[in-house]
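> Fold the following, please.
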Amino acid sequence: MFLGRMGSHSTLGQWFQWCALKMRVTSRVTSTIFQGRHFGSNLSMKFVLGIETSCDDTGAAVVDSNGKVIGEALHSQTTIHNETGGIIPNVAKELHMKNVEGVVTQALENAKMDLSDMDAVAVTVEPGLIMSLRVGMQYAQKLARLSGKQLIPIHHMEAHALTARMIQRVDFPFLVLLASGGHCLLAIARGIDDFLLLGTSLDVAPGDAYDKTARELKLNSLPRFHGLSGGVAVEQMAKEGDRNAFPLVHVMTSRANCNFSFTGLKISARRQIRAEYERLGWPESEVLPNAADICSWFQYNVTYHMARRLQRAFIYSEMNELLGKSKTLVVSGGVASNAYIRSSLEQVCAAYNCQMVCPPVKLCTDNGIMIAWNGMEKLLSGRDFSQDPSTVDVRARSPLGVDITKEVANCSIKLPKLKIQDT
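Numbers count the residues shown, from 1 in each chain. Coordinates of the predicted model:
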């Protein structure tokens, strides 16, 4: 269907109107061109189609070899999953199946291009929800077979880590912090698929802790937060609160590593919320009058824990000369779109003479653009991706790079005091 142009313009327009109505595809035409790294005028322009279905959003995009987004489309499942209280894998799978064809079609239409114009198709194959991943992979396999294009498998975490290189020049090696609803990790990026893992989440991810805290506080019952994720609701409510309203929660202070743990913070928030309901004698069906203080306190605890791990990563990198003279930290992932966390981590970077780079907020969450760009980086590396598309498979769990977390812990790095100022 996508190998050549379909019929007349009127027929094509009617078809897309029907498709949008039938599938309720939420698409976005890229109004801002992201200017990325230029690979040289002697290179002929290349184009990659990227497909993302690792979790709850169906995304597709076309990027060129100069890092420009030619067209994109996204179908978000956020509202549906907010109503059910979280992501239900079977529901996510069905929604991906319903929308992937329409999203890819819309991305190509927004780019005013056909599949035949692409040099490759890139698709997320690891890690993620296995049923969601399989929907995108199978559709990408279909496109690759029909068009004869290369199929480039993408590691979701690598794509997040390298998105910043599409926006501005970020040379290897650099430090990367990825934080979202599904993961939290620190790594050294030494190449497009060459990473040293310094630390990772030992239990739940920060985004999950945010969402559960928002649920405990019943923030979605407030009209101002209808349709928003729990993380966004907590962030907005925290602006009105006092982060020092309750004592700081000390997390993993006896462990000199770069690993993260957010279960304790989530449990502490739940206990604090229940204690406040009892102390104030407040109806549990209503939002606490001091919910903003709890949000601010909780957010500060999460940020402080992340900042302390980042401190140790800087010190370890300096000890082992892993970053060179020009140090850069890339912060990405859904939680990295939190303005408070960003500004706090910038303070840590300043203390260690490091430049901090964050992709635009819209590129921090899952999207087809980052998948297409990662595919482009791999394509331009000259690697051979001419394997039979049917041999590509998905994996729910997949570590990022070489795990050296134990080596970091064995250094027993003690941290200097850290004070995060409100901005």
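
> need the helices for the stretch 201-350 of the chain, in chain order.
Residue ranges of the helices in the stretch 201-350 of the chain, as given by DSSP state H, counting those that start in this stretch, are 206-216, 230-238, 263-280, 291-319, 339-351.

> So which of those is nearest Pro223?
Shortest separation from Pro223 across the helices of the stretch 201-350 of the chain is recorded for helix 230-238, at 11.6 Å, computed as C-beta to C-beta. Backbone N, C-alpha and C define where each C-beta goes, glycine included.

> For Val135, give me phi and psi.
Dihedral angles of Val135 (phi, psi; degrees, to the nearest 10) stand at phi -60, psi -50.

> brain fart, Met356
The phi/psi pair for Met356 (degrees, to the nearest 10) is phi -110, psi 130.

> my guess is it contacts Glu346, does it?
Yes: judged on C-beta atoms under 8 Å, Met356 makes contact with Glu346 at a distance of 5.2 Å.

> ok, the residue nearest the centre of the chain - contacts?
The geometric centre of the chain, computed from its C-alpha atoms, lies nearest to Gly333 (C-alpha atoms, centre = their mean), at 3.0 Å. The contact partners of Gly333, taken as C-beta atoms under 8 Å, 6 or more residues apart in numbering, are 160, 177-180, 183-184, 364-365.

> Skipping adjacent residues, who's closest to it in space?
Nearest-residue entry for Gly333: Ser180, 3.8 Å, with adjacent residues in sequence omitted and distances by C-beta to C-beta, 6 or more residues apart in numbering.

> Surely the one you found touches Val335?
Yes: taking C-beta under 8 Å as the definition, Ser180 is a contact partner of Val335 at 5.5 Å.

> and the two? which has more neighbours close in?
A count of neighbours by other C-beta atoms under 10 Å puts Val335 above the other of Ser180 and Val335, at 29 against 25.

> ok, the more buried one to Asn244 distance?
With distances defined as C-beta to C-beta, to the nearest Å, the gap from Val335 to Asn244 amounts to 22 Å.

> With Ser296 instead?
Here the criterion is C-beta to C-beta. By it, Ser296 lies 8 Å from Asn244.

> Looking at those two, which one has more neighbours?
Just comparing Ser296 and Asn244: by other C-beta under 10 Å the higher neighbour count belongs to Ser296, 25 against 12.

> now the more buried one, nearest residue through space, not along the chain?
Excluding its sequence neighbours, the residue lying closest to Ser296 (C-beta to C-beta, 6+ apart) is Gly241, at 3.3 Å.

> So what's the residue count around the one you found?
Residues near Gly241, counting by other C-beta under 10 Å, number 20.

> Contact partners for it?
Counting by C-beta under 8 Å, 6+ apart, Gly241 touches 290-297.

> Ramachandran angles for it?
The phi/psi pair for Gly241 (degrees, to the nearest 10) reads phi -110, psi 180.

> Distance of it relative to Ile167?
Distance of Gly241 to Ile167, given as C-beta to C-beta: 32 Å.

> go on, Met356?
For Met356 relative to Ile167 (C-beta to C-beta), the value is 13 Å.

> swap in Gly191?
Spatial separation of Gly191 from Ile167 under the definition C-beta to C-beta is 19 Å.

> Could you do Ala92 as well?
Ala92 sits 28 Å away from Ile167, going by C-beta to C-beta.

> more neighbours, the two?
Under the criterion of other C-beta under 10 Å, the comparison of Ala92 against Ile167 puts Ala92 first, with 24 against 18.

> Could you say which helix or strand holds the more buried one?
Ala92 is part of helix 89-111 when elements are defined by DSSP states H and E.

> If anything else comes up later, I'll come back, but that's it for now.
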